[in-house]
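Undergrad: pasting the sequence and the predicted coordinates here, then a few questions.
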Amino acid sequence: MEQCVPTQAMRSDAIASIYETFAKDCVGDSQPSCAKDCVGDSQPSCAKDCVGDSPPSCAKDCVGDSKASCARDSRNNSATNYKYDIFSAEFEAIAQAAYLASIEGAEHFPPDTRPPYIIRLVGQSGSGKTTQLYAAVKDNIAHGFVHVAVRHFAKFHPEYEHIKRQLDHGMVRERTNGFALLLLFRVLEKLIENRYSILLELTVLDPRFESYFATLTQPDYRTLYNVLAVPKALSDEFILKRQQQEGRVVTPTSSNYFFDMLQLSLRQISNLRQISNCRGAILWNSYSHECVAESDVLDEAFFAKLSSEQHKDIADIPRVDVEQLVRAKRDFYGKKMYFNKDEKFEAILMSNRALCNHLNLLPPLTITPISTGWTNFVFDVTLGATHYIARFPRGSCFARAIKTDVAAIDFVKDSVPAPDARIYFDGLRPFSVHKKVEGTTLSSMDLDSLTDAQIDFLGKQIAQCFHTIHKLQPPRQLQRRLSTFLKDVMGEIPFYKNYSGIENLEQIESRMPLVAIHGDLNVGNIIIDEDLNILSILDFAFFGVSIPEADLARISCRIPNKLQNSILMYYERFTEGVLSTEIFAQMCEMWADIERNYIQFMAQTMPDIKF
């Protein structure tokens with residue numbers, strides 16, 4: 001696809017639209033002048049100018065000047081005293097600090113792994129955009145994305161502390177919105193320049209801003225629009241209640257403005273020829289467990305649903321518990337992240353351009369299922385004389401875990417033996433591939449028949465692996481607590497609802513020093529040769545931080561006491577410390593409960609697995 005480079009005029013026009021939106025918020029005008037011209041038009045005049053190279057009329061003042069005239073006007077507006085200039089070195093320094101803060105802990109995949117995504121969360125005040133939609137999306141399809149929202153940037157205002165002292169809490173956000181929105185604009189430019197995937201929680205803005213933004217992300221980015229709307233009356237009711245409770249002022253007619261701008265902006269985006277990279281749009285209302293519409297494109301059928309009175313007029317629908325609504329939305333998005341057993345896995349592999357380029361995949365290839373995958377569909381992929389292992393997650397939590405697995409392997413690979421795994425994507429669904437490690441798993445051996453010398457040799461190596469991992473200082477994105485992960489994995493299994501073993505671990509983690517852990521270093525994840533040398537450690541999906549006893553106890557579920565004692569003895573020798581026998585016993589009991597009940601659950605729900 002041919003790259004459409006946004007012009008300076010388009011950028012200036014987008015900035016002008018932000019200033020005008022800011023002026024609207026400050027002076028109480030229900031609709032800025034540029035929006036008045038847009039109502040009822042399929043393509044506003046200011047948007048038409050954005051498509052070509054010539055400077056649009058509303059941007060002419062911006063093109064040849066270091067500062068937009070509307071910016072000068074806004075700085076002199078009686079409703080605000082905040083002086084800032086998006087073109088100044090001071091503002092750029094603030095933007096760089098905000099950008100660095102935004103990307104801390106975010107995923108960043110190599111450019112040749114997959115195109116970056118933008119997940120748009122769109123909704124007016126009171127729709128549930130934050131409480132419902134963001135809560136459902138962030139842990140599923142946008143896990144690890146850079147989360148961008150206007151409220152994140154108010155604290156970077158040079159006079160933020162002064163504003164907080166001078167104004168009531170409810171007014172602080174309203175009086176910093178203009179600055180925060182301009183800062184968001186600049187941070188978005190930086191994120192897109194560096195190809196980060198973005199979860200953008202922002203009501204659709206003026207068509208001029210949206211046109212620039214859509215052009216800026218083409219042709220590399222894939223975009224999924226998630227729109228959450230409620231009837232205007234309910235939105236206005238929410239705004240009024242929030243103003244009474246928090247003192248936060250929002251223009252009473254903002255819901256009218258939202259619906260007018262939403263349709264105009266989305267139509268403008270859909271009219272751009274570059275928007276072929278749109279990966280769909282999903283429409284919700286706040287009080288429904290099912291989406292109103294789901295479309296692969298922003299088409300007329302979607303707009304008809306968006307504007308239908310049946311969708312908007314839902315005031316008589318009883319308000320359902322928010323937790324139930326979030327759960328329904330989370331399930332909806334979760335299903336978009338994992339694979340089912342009946343999928344055409346060979347076709348998925350062969351259609352992945354990045355994978356084919358990395359491995360030089362050419363037909364014929366053979367894929368053979370491996371029936372021991374507890375959390376993933378696992379295949380032995382044979383290409384000539386070379387074997388690879390491909391793993392496709394069975395559930396949404398395992399989709400998140402498989403990305404952790406690959407990120408953790410990349411982090412530890414210079415310290416402990418691990419396969420060179422890479423992450424790939426089928427749309428938003430992740431899967432991993434690594435070259436098969438020749439050898440045998442420790443679980444396939446008769447460990448009771450080992451001699452004392454073999455137990456000593458093997459125990460020392462395993463203890464050394466634990467010790468090496470526990471000394472590492474993982475980056476922030478790999479510092480998830482084991483108790484948090486176990487709650488996520490086990491959350492759908494009835495046995496684990498409020499399971500005291502995981503709650504006990506959570507309490508211990510809150511009061512004891514934590515170390516980096518493998519999390520699932522059991523006999524099935526250790527590859528050895530015929531002389532019992534460890535060749536590789538597998539499956540870092542549970543990687544995170546916890547107490548050493550929790551990590552060491554994992555392997556103890558399936559090994560003889562002699563080998564367990566050897567591992568613990570050498571571990572204490574390496575660390576020159578003493579483990580808590582009481583806590584270790586509690587962790588062994590926890591892992592035994594988890595494994596036993598998880599196997600029962602999988603035997604009922606996943607009969608293809610062999611135990």
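TA: Perfect, I can see it now.
Undergrad: which residues touch residue 516?
TA: For residue 516, the contact set (C-beta atoms under 8 Å, 6 or more residues apart in numbering) comprises 469-474, 478, 543-545. Quick note: C-beta positions are derived from backbone N, CA and C, even for glycine.
Undergrad: same thing but at 7 Å, please
TA: Under the criterion of C-beta atoms under 7 Å, 6 or more residues apart in numbering, the neighbours of residue 516 are 469-470, 472, 474, 545.
Undergrad: bridging residues for it?
TA: Residues in a beta bridge with residue 516, per DSSP bridges, are residue 545.
Undergrad: any stretches of the stretch 151-300 of the chain with poor pLDDT?
TA: For the stretch 151-300 of the chain, the stretches with pLDDT under 70 are 169-170, 231-234, 242-243, 245-257, 271-279.
Undergrad: repeat that for the stretch 351-500 of the chain.
TA: Across the stretch 351-500 of the chain, residues meeting the criterion (pLDDT under 70) sit at 372-373, 491-492, 494-498.
Undergrad: show me where it has strands.
TA: 366-370, 376-383, 386-393, 422-426, 429-435, 440-441 (DSSP state E, counting those that start in this stretch).
Undergrad: ok, now the stretch 51-200 of the chain?
TA: Assigned by DSSP E, counting those that start in this stretch, the stretch 51-200 of the chain shows strands spanning 117-123, 146-149, 198-201.
Undergrad: tell me what residue 528 is bridged to.
TA: Note on residue 528: beta-bridge partners by DSSP bridges are residue 440, residue 534.
Undergrad: strands along the stretch 501-611 of the chain, start to end?
TA: Assigned by DSSP E, counting those that start in this stretch, the strands in the stretch 501-611 of the chain fall at 515-517, 526-528, 534-537, 544-546.
Undergrad: between those strands, which one is nearest to residue 378?
TA: Nearest to residue 378 among the strands of the stretch 501-611 of the chain is strand 526-528; the distance by C-beta to C-beta comes to 14.4 Å.
Undergrad: got the strands of the stretch 51-200 of the chain as CSV, with mean neighbour count and distance to residue 334 columns?
TA: Below are the strands of the stretch 51-200 of the chain laid out as CSV (neighbours: other C-beta atoms under 10 Å; distance: least, C-beta to C-beta, whole Å):
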stretch, mean neighbour count, distance to residue 334
strand 117-123, 25, 14
strand 146-149, 20, 18
strand 198-201, 23, 16
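Undergrad: and these as TSV, adding distance to residue 393?
TA: Shown next, in TSV, are the strands of the stretch 51-200 of the chain (distance: least, C-beta to C-beta, whole Å):
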stretch	distance to residue 393
strand 117-123	17
strand 146-149	22
strand 198-201	20
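Undergrad: okay, the strands of the stretch 351-500 of the chain in a markdown table with distance to residue 144 and mean neighbour count next?
TA: As requested, the strands of the stretch 351-500 of the chain are arranged in a markdown table below (distance: least, C-beta to C-beta, whole Å; neighbours: other C-beta atoms under 10 Å):
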| stretch | distance to residue 144 | mean neighbour count |
| --- | --- | --- |
| strand 366-370 | 27 | 13 |
| strand 376-383 | 18 | 20 |
| strand 386-393 | 14 | 20 |
| strand 422-426 | 11 | 20 |
| strand 429-435 | 10 | 22 |
| strand 440-441 | 30 | 16 |
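Undergrad: including distance to residue 171, could these go into CSV?
TA: Formatted as CSV, those follow (distance: least, C-beta to C-beta, whole Å):
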stretch, distance to residue 171
strand 366-370, 60
strand 376-383, 51
strand 386-393, 46
strand 422-426, 43
strand 429-435, 43
strand 440-441, 62
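Undergrad: ok, back up a step: in TSV: the strands of the stretch 501-611 of the chain, plus mean pLDDT and distance to residue 269.
TA: TSV is the format used below for those (pLDDT from 0 to 100; distance: least, C-beta to C-beta, whole Å):
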stretch	mean pLDDT	distance to residue 269
strand 515-517	98	44
strand 526-528	96	50
strand 534-537	96	47
strand 544-546	97	39
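Undergrad: just the helices in the stretch 301-450 of the chain please.
TA: With DSSP state H, counting those that start in this stretch as the criterion, the stretch 301-450 of the chain has helices at 309-312, 322-334, 345-350, 353-359, 396-412.
Undergrad: who does the longest one touch, helix- and strand-wise?
TA: Judged by 3 or more C-beta pairs under 7 Å, 6 or more residues apart in numbering; DSSP states H and E, helix 396-412 is in contact with strand 386-393, strand 422-426, strand 429-435.
Undergrad: wait, which of those strands is closest to residue 85?
TA: Residue 85 lies closest to strand 422-426 among these, at 40.3 Å (C-beta to C-beta).
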